[in-house]
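Trainee: Predicted model and sequence follow; I will ask about them next.
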Amino acid sequence: MTDVELTRALERGELSNEGFHHADHLRVALVYLNEAPTVTIAIERMASTLRSFATSVGRADKYSQATTEFWMYQMAAARALRPGVSAETLFADCPRLLDKKLILAYYSPDAASPDSAASSSHTPSRSVSRGPR
């Protein structure tokens, strides 16, 4: 399944929670970044899609705006370094993207959790566009 096909299947609610992994989230993020005129609009689309998906699989409480924004900005930064490449190429060039725990280098576990990260008001300890030092 291509990244665009994956994105459209997610939008239509055709994916199971068990079959939608971290790398798949990032593949969808890249599609939205490529389709949207701005990162802000891509984030809005991703947030809307993920909220709908989380609700459809009975996990609405697991959605985190702060986490969504973190990963969208990580993908946007990687994409800026290698415009026009596939998600797989970005993953090969930036393997840290595949580390789900990368967010913990920037946010405390409490700030990255869905319960406390419902808004985007949490400030990361460092810039979200750079990797951990």
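Mentor: Looks like it arrived, so ask away.
Trainee: Which residue ranges of the protein form helices?
Mentor: For the chain, helices defined by DSSP state H occupy the ranges 3-11, 22-35, 39-56, 65-81, 87-93, 109-112.
Trainee: Please read off the pLDDT at the residue positioned nearest the centre of the chain from the model.
Mentor: Residue closest to the mean C-alpha point of the chain, counted by Cα atoms, centre = their mean, is Trp71 at 4.0 Å. pLDDT for Trp71: 97.
Trainee: In space, what's closest to it - neighbours in sequence excluded?
Mentor: Ranked by Cβ to Cβ, 6 or more residues apart in numbering and with sequence neighbours excluded, the top spatial neighbour of Trp71 is Ala29, at 6.1 Å. (C-beta placed from N, C-alpha, C; glycine too.)
Trainee: thinking again about what came up before, the helices of the chain: which one's closest to Asp99?
Mentor: helix 22-35 (8.7 Å; Cβ to Cβ).
Trainee: If you compare the directions of that closest one and helix 39-56, what angle comes out?
Mentor: Helix 22-35 runs at 140 degrees relative to helix 39-56, counting by axes from the mean of the first three to the mean of the last three Cα atoms, to 10 degrees.
Trainee: before we move on, the earlier item: quick one, which of the helices of the chain is nearest to Leu102?
Mentor: helix 65-81 (7.3 Å).
Trainee: Pull out the buried residues from the closest one.
Mentor: Buried residues in helix 65-81, counted by 16 or more other Cβ atoms under 10 Å: 65-79.
Trainee: And stretch 7-25, by the same measure?
Mentor: Buried-residue list, stretch 7-25, by 16+ other Cβ under 10 Å: 7, 10, 15, 20, 24-25.
Trainee: Now tabulate those in CSV and tack on pLDDT and distance to Ser86.
Mentor: As requested, these are exported to CSV (pLDDT from 0 to 100; distance: Cβ to Cβ, whole Å):
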residue, pLDDT, distance to Ser86
Thr7, 97, 14
Leu10, 95, 18
Leu15, 90, 20
Phe20, 91, 19
Asp24, 96, 14
His25, 97, 16
